[in-house]
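*Asks:* Here's my sequence, what's the structure:
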Amino acid sequence: MESNCELSCIGCVGFIGLGIMGKPMAENLIRAGHKMCVWNRTESKCESMVAIGADMLRSPGDVAAHGPDVIFICVTNTEDVKEILFSEKGIAKSAKQGLIVVDHSTIDAKEAAGFADCLAGHGVKYLDAPVSGGDVGAKAGTLSIMVGGDEGAYQTVRPMLEVMGKEINYMGESGMGQVTKSCNQVMVSCNLMGVCEAMMLAKKSGLDLDKMIRAVSGGAAGSWSLSNLGPKIKDSDWAPGFMVKDILKDLGFVSHLSQVSHAPLTGTSMVETLFQVLAAEGEGELGTQALAKVYEKLGGFEFTK
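*Replies:* Numbers count the residues shown, from 1 in each chain. Now for the predicted structure:
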């Protein structure tokens, strides 16, 4: 974490979107000493932030009008971001010159670049800065944050990003943060599919799952998914840190990017299909580790039996 002197170079900040990821990220910024104003579509999600010193406002435009130097956004999809930025009660209508918008949402890369262009006309700099690390990383302040956009704006907000994450990287021009996140989701999804298959093989072969996870975690097979989601799969704990419906949204961006880039992603297409099966069965709000439920059906077994 940066020194208090460095952090104090930024005055009030705004935070829009207080869901599974946004709320702990915002809390970490307040704990670091930032005065904050917040908005969330569901007002009740602001109450805990008000309790620790944030001001709750009535619209994204009100957040901008409050005069923050930086506004962070962490919402679900491209259309949500567009509304927050450009609606009648959006940020662009009330933004002061020099405002920096840091968008932690995972959205379409081309749209992100377009948002940066549009906001530049209002004297606002926009950074696409998607994150990885789940709710565990958001709470611990250990997220990976991949940033595209104006490099000077990135350097200005980097001390605050370091409050929320431990691996912070500038990826290039607007949209490149989102391209990086798509690459991340390819690897996360395919790795999780491998974890599920390995755990099914272990279970059906009579191997103790705890021993298997421990034995392979220190070698080449070790991964975040194995260490964090493997034990949850073993216990059939499907509580979401990141929901099935959200990984499907992200994989939709991956699919589009692969098409325009002429990059066939065969493994990613396979795991996307498996997640679609899970969502079609009404399991879209379970955690992504619930991919293992598809394998339970395919293999005719249950991990807890």
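
*Asks:* what distance separates the helix or strand where residue 81 lies from the centre of its chain?
*Replies:* Secondary structure assignment for residue 81, by DSSP states H and E: helix 78-86. Relative to its parent chain, helix 78-86 has a centroid offset of 16 Å by C-alpha atoms, centre = their mean, to the nearest Å.

*Asks:* Stretch 218-225 now?
*Replies:* Offset of stretch 218-225 from its chain centre (C-alpha atoms, centre = their mean): 22 Å.

*Asks:* Would you mind checking the average pLDDT for it?
*Replies:* In this model, stretch 218-225 has a mean pLDDT of 97.

*Asks:* now for whichever helix or strand comes after the helix holding residue 81, which elements pack on it?
*Replies:* Downstream of helix 78-86, the next assigned helix or strand under DSSP H and E is helix 91-94. If you count contacts as 3 or more C-beta pairs under 8 Å, 6 or more residues apart in numbering; DSSP states H and E, helix 91-94 packs onto helix 60-65, helix 78-86. C-beta coordinates here come from the backbone N, C-alpha and C atoms, glycine included.

*Asks:* Residue 151: how many residues sit nearby?
*Replies:* The number of residues packed near residue 151 is 13, by other C-beta atoms under 10 Å.

*Asks:* ditto for the one 10 residues further on
*Replies:* By other C-beta under 10 Å, the residues close to residue 161 number 24.

*Asks:* which of the residues in the one helix or strand it maps to are buried?
*Replies:* Residue 161 belongs to helix 151-164 when elements are defined using DSSP H and E. Residues 153-154, 156-157, 159-164 are the ones in helix 151-164 that count as buried (16 or more other C-beta atoms under 10 Å).

*Asks:* Same list (these) but as a markdown table, adding distance to residue 297.
*Replies:* Below are the buried residues of helix 151-164 laid out as a markdown table (distance: C-beta to C-beta, whole Å):
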| residue | distance to residue 297 |
| --- | --- |
| 153 | 48 |
| 154 | 45 |
| 156 | 50 |
| 157 | 45 |
| 159 | 48 |
| 160 | 44 |
| 161 | 41 |
| 162 | 43 |
| 163 | 42 |
| 164 | 38 |
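
*Asks:* Okay, now the unreliable bits of this structure?
*Replies:* 1-10 (pLDDT under 70).

*Asks:* Dihedrals phi and psi, the spatially most central residue of it?
*Replies:* Note on the chain: the residue nearest the mean C-alpha position is residue 131, at 4.3 Å, using C-alpha atoms, centre = their mean. Torsion angles at residue 131 (phi, psi; degrees, to the nearest 10) stand at phi -120, psi 160.

*Asks:* so it touches residue 103, yeah?
*Replies:* No - Residue 131 lies out of contact with residue 103 (C-beta atoms under 8 Å); the separation is 10.5 Å.

*Asks:* circling back to that earlier point, from residue 289, how far out is the residue nearest to the centre of the chain?
*Replies:* Distance, residue 131 to residue 289, by C-beta to C-beta, to the nearest Å: 19 Å.

*Asks:* One more: residue 119?
*Replies:* Distance from residue 119 to residue 289, by C-beta to C-beta: 37 Å.

*Asks:* quick revisit: following the helix holding residue 161, which helix or strand comes up?
*Replies:* Sequence order places strand 165-172 as the next helix or strand after helix 151-164, per DSSP H and E.

*Asks:* What residues sit buried inside that following strand?
*Replies:* Quick answer for strand 165-172 (16+ other C-beta under 10 Å): 165, 168, 170-171.

*Asks:* could you turn it into PDB, dropping everything but the C-alphas?
*Replies:* C-alpha atoms of strand 165-172 as PDB (Å, rounded to 0.1, in the frame of the first residue of the first chain):
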ATOM      1  CA  GLY A 165      -4.700  -5.100  -6.000                       C
ATOM      2  CA  LYS A 166      -1.200  -6.500  -5.800                       C
ATOM      3  CA  GLU A 167      -0.600  -7.200  -9.600                       C
ATOM      4  CA  ILE A 168      -1.200  -3.900 -11.400                       C
ATOM      5  CA  ASN A 169      -0.300  -3.700 -15.100                       C
ATOM      6  CA  TYR A 170      -0.600  -1.000 -17.800                       C
ATOM      7  CA  MET A 171      -1.500  -2.900 -21.000                       C
ATOM      8  CA  GLY A 172      -1.600  -0.100 -23.600                       C
END
